[in-house]
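# Below is the sequence, then the predicted model.
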Amino acid sequence: MLILYRIYQILIMAPVLLAATILTATLSIISAVLGVGRWGGYFFPHWWARLFCVMTLVRVKVRGRENVRPGTSYMFVANHQGAYDIFAIYGYLDHQFRWMMKKALEKIPLVGYSCKVTGHIMVDNSSPSATRRTMERAEQQLRGGMSLVVFPEGARTWDGHMRPFKRGAYMLAMEFGLPVVPISIDGAFDVMPRFRKIPRWGTITLTIHKPIEPAHDGRHDLGELMTESARAIRESLPERFR
């Protein structure tokens, strides 16, 4: 069965998904040129991500969707098990958002440029002024119900266990008084961990937890926020990854 699956990946899946990736990036860029990049920057990648999951025979289940309200800005924070975290969230979160991503990802041909022009936040901490510009872009995107998604671990896990969380996303949530929504991702490590180049079929479960709201003064306590969100994510993972 695995041999047949690999043949299918090489002969059918890979060419179709390559074409879909080029088309998605191109349409996203065109939408930005036409002044509708806010819509196109989510609509086209949303269906591209779903196609990725369908064609690789990856099923995505979502729990807790009722915990978020349409049109509300959130800071979504999720554990980072593997490459399919991106497809699962893009395709199945069903909430308008932009990624916070490393500035180095701009260098990906076509895709990096499409992300830049459609408003994803390219994080640049090379200098205080660059960090300030990153904050300003994030503030612009958060207007009108846009949300942000970030992997606070900063990189994919090697063994399925969560890495220590970094403060960047939480500092941004504190700056703008955003509710923070933890998301537990389970199954992506089995589908395609960072040490594997080819995916395999499987099931990924997204668990959307209740938002952690700021206090009455609109502020969060940084340490408490990081601890509470990490605990919520960890408790929904299987025992082997806690």
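Ah, there it is. Residues are numbered from 1 along each chain as shown.

# What segments of the chain are helices?
2-8, 14-33, 37-55, 84-92, 111-117, 128-141, 168-176, 188-191, 222-235 (DSSP state H).

# now do the same end-to-end measure for stretch 90-110.
Stretch 90-110 has an end-to-end distance of 18 Å (criterion: Cα to Cα, to the nearest Å).

# And that stretch, what's buried?
Tyr90, Gly91, Tyr92, Leu93, His95, Gln96, Phe97, Arg98, Trp99, Met100, Met101, Lys103 (16 or more other Cβ atoms under 10 Å). Where C-beta positions appear, they are placed from N, C-alpha and C, glycine not excepted.

# Save those residues as TSV, and put in distance to Thr24 and pLDDT too.
Converted to TSV, the buried residues of stretch 90-110 look like this (distance: Cβ to Cβ, whole Å; pLDDT from 0 to 100):
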residue	distance to Thr24	pLDDT
Tyr90	10	96
Gly91	12	97
Tyr92	16	97
Leu93	17	96
His95	19	94
Gln96	17	92
Phe97	16	94
Arg98	16	92
Trp99	14	92
Met100	20	85
Met101	16	82
Lys103	21	81
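
# Which of these fall in strands?
The strands, defined by DSSP state E, take in Phe97, Arg98, Trp99, Met100, Met101 from these.

# tell me the two of the buried residues of stretch 90-110 that are most distant?
Tyr92 and Lys103 (26.8 Å; Cβ to Cβ).

# how far is the helix or strand bottoming out on mean pLDDT in the chain from where the chain is centred?
Lowest mean confidence among the helices and strands of the chain (mean pLDDT, DSSP states H and E): helix 128-141, at a mean of 76. Here the centre of helix 128-141 is set off from its chain's centre by 19 Å, with Cα atoms, centre = their mean, to the nearest Å.

# contacts for that helix?
Arg98, Met100, Gly119, Ile121, Met122, Val123, Asp124, Asn125, Leu148, Leu172, Glu175, Phe176 (Cβ atoms under 8 Å, 6 or more residues apart in numbering).

# contacting residues for the fifth one?
I take that to be Met122. Shown in contact with Met122 (Cβ under 8 Å, 6+ apart): Met101, Lys102, Lys103, Leu105, Glu106, Cys115, Lys116, Thr134, Arg137.

# Turn those into TSV, columns for distance to Asn67.
As requested, the contacts of Met122 are exported to TSV (distance: Cβ to Cβ, whole Å):
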residue	distance to Asn67
Met101	24
Lys102	28
Lys103	31
Leu105	29
Glu106	33
Cys115	27
Lys116	31
Thr134	28
Arg137	27
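
# Kind regards, and thank you for your time.
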